[in-house]
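*Asks:* Sequence and computational prediction follow.
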Amino acid sequence: QVQLVESGGGLVQAGGSLRLSCAASGPIFSTNFMAWFRQVPGKEREFVAATSWGDSETYYSDLVRGRFSIFRDNAKNTVTLHMNSLKPEDTAVYYCAADTQYGSMSLDYHFWGQGTQVTVSS
């Protein structure tokens, strides 16, 4: 069973930056893509960004493209989300996810972390 543990959430003012990390363990060779999603109460979980372990494929939501960057560290089995120019509407619980193929829907991913809260104050 692949295990994912997020860290790095917190409170930041609008315009600020945060860095989220996702540490993967277990049979990660069974996954090819790592992704970040976010969710606010009462809304569906939405795609933020994704990257592949094996090459330089990256994908971003239109809502975060140009502000967020996703990086992978194959040696440490870690994926990091760099969030810049944060807005109050970026406030959400951010989840790390993994699966064999890329997808932009939460149903596309079988493995999930527990989530980390990001709050952006205005």
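*Replies:* Yep, that arrived.
*Asks:* In this structure, which residue is most central in space?
*Replies:* Of all residues in the chain, the one closest to the mean position by C-alpha atoms, centre = their mean is residue 36, 2.1 Å from it.
*Asks:* Now do the contacts for that one.
*Replies:* If you count contacts by C-beta atoms under 8 Å, 6 or more residues apart in numbering, residue 36 has them with 20, 22, 48, 49, 50, 70, 79, 81, 94, 95, 96, 97. Backbone N, C-alpha and C define where each C-beta goes, glycine included.
*Asks:* how much space between the last one and residue 37?
*Replies:* As for residue 97, its distance to residue 37 is 6 Å (criterion: C-beta to C-beta, to the nearest Å).
*Asks:* repeat for the second one
*Replies:* Here the distance between residue 22 and residue 37 works out to 11 Å (C-beta to C-beta).
*Asks:* list residues touching both of residue 97 and residue 37?
*Replies:* 106, 109.
*Asks:* Name the nearest residue to residue 71, ignoring sequence neighbours.
*Replies:* Distance criterion C-beta to C-beta, 6 or more residues apart in numbering; nearest residue to residue 71, sequence neighbours excluded, is residue 80 at 4.8 Å.
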